[in-house]
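Trainee: Predicted coordinates and the sequence they were generated for:
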Amino acid sequence: MKLIYKLALQDFLNFQMYHAANSPAVKRALLIQRFIFPIIMLALPLFIDSSITGWIVYAIVAAIWLIYYPKYFYGHIKRNSKKMLQEGVNGSLYGTYELTITDQEIIEKSPNGETRHNWGSIRKIVDTPSYFYIYNSNISGYIIPKSKISQDMLTFLQNKKAAI
């Protein structure tokens, strides 16, 4: 099966954001960063201002941090990912991709050249509402827009996903 499609900056950002939202390392970092500051804020009145007003102010700041920090955290990842994708030679990532999928391998022709991976080297296949992500390592993979996939390829990828 052969598929020809274009990838733009937004497709790569969507992949980065999906990966960040589902990475155990990123989840752990968010958890630590989200809770350490409020704990410190709740401990400060013990040393600085032990009045009830001090406790209330620090508790409000801690609560605001707990509620809004995840949005800031993922926004920060998105902004930095966008900057990195726009700098240097990454512009050659965008453009037309030709993906050939067989029972034995995946062949991708991209603006950067040609890559081949046999199915044994595929780590996982992720099915999102808009994309299939075929991971060939823990941090990289093929980005396939679902809007460009035929029903045969959709069925094939779903079967491969179940087999991996």
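Mentor: Here it is on my side, so go on. Numbering: from 1, shown residues only.
Trainee: give the contact list for the residue nearest to Ser121 when sequence neighbours are not counted.
Mentor: Counting by CB to CB, 6 or more residues apart in numbering, Ser121 lies nearest to Asn136, which is 6.0 Å off, once chain neighbours are set aside. Bear in mind the C-beta positions are built from the backbone N, C-alpha and C, glycine included. By CB atoms under 8 Å, 6 or more residues apart in numbering, the contact list for Asn136 reads 117, 121-123, 142.
Trainee: ok, so of those, who is nearest Phe15?
Mentor: Phe15 lies nearest to Tyr142 out of these, by CB to CB, at 9.6 Å.
Trainee: which residues does the closest one bridge with?
Mentor: Beta-bridge partners for Tyr142, by DSSP bridges, are Ile134.
Trainee: give me the low-pLDDT residue ranges for this protein?
Mentor: Within the chain, the ranges that satisfy pLDDT under 70 run 88-91.
Trainee: any idea how far Tyr131 is from Trp119?
Mentor: Distance, Tyr131 to Trp119, by CB to CB, to the nearest Å: 19 Å.
Trainee: out of these two, which sits in the busier spot?
Mentor: Taking other CB atoms under 10 Å, Tyr131 and Trp119 do not tie; Tyr131 has more neighbours (19 against 16).
Trainee: burial of Ala29, as a residue count?
Mentor: With other CB under 10 Å as criterion, Ala29 counts 14.
Trainee: That one sits in which helix or strand?
Mentor: helix 24-47 (DSSP states H and E).
Trainee: any idea where the helices of the protein begin and end?
Mentor: Using DSSP state H, the helices of the chain run over residues 9-22, 24-47, 52-86, 151-163.
Trainee: who does the first one touch, helix- and strand-wise?
Mentor: Same thing as helix 9-22. helix 52-86, strand 131-135, strand 141-145 (3 or more CB pairs under 8 Å, 6 or more residues apart in numbering; DSSP states H and E).
Trainee: Now do the domain split for the protein, please.
Mentor: 2-10+90-163, 29-88 (automatic domain parsing).
Trainee: With distance to Ala21 added, can I get those domains in CSV?
Mentor: Shown next, in CSV, are those (distance: least, CB to CB, whole Å):
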stretch, distance to Ala21
domain 2-10+90-163, 10
domain 29-88, 7
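Trainee: Which one of those domains lies nearest to Asn22?
Mentor: Proximity to Asn22 (CB to CB) singles out domain 2-10+90-163 among those, at 7.9 Å.
Trainee: then stretch 15-28 to PDB, C-alphas only?
Mentor: Output in PDB follows, covering the C-alpha atoms of stretch 15-28 (Å, rounded to 0.1, in the frame of the first residue of the first chain):
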ATOM      1  CA  PHE A  15       3.200  14.700  17.400                       C
ATOM      2  CA  GLN A  16       5.400  16.500  20.000                       C
ATOM      3  CA  MET A  17       2.400  17.400  22.100                       C
ATOM      4  CA  TYR A  18       1.000  13.900  22.000                       C
ATOM      5  CA  HIS A  19       4.300  12.500  23.000                       C
ATOM      6  CA  ALA A  20       4.800  15.000  25.800                       C
ATOM      7  CA  ALA A  21       1.300  14.300  27.200                       C
ATOM      8  CA  ASN A  22       1.900  10.500  27.100                       C
ATOM      9  CA  SER A  23       5.600  10.300  28.100                       C
ATOM     10  CA  PRO A  24       6.300   8.900  31.600                       C
ATOM     11  CA  ALA A  25       9.300  11.200  32.000                       C
ATOM     12  CA  VAL A  26       7.300  14.300  31.100                       C
ATOM     13  CA  LYS A  27       4.400  13.200  33.400                       C
ATOM     14  CA  ARG A  28       6.800  12.700  36.200                       C
END
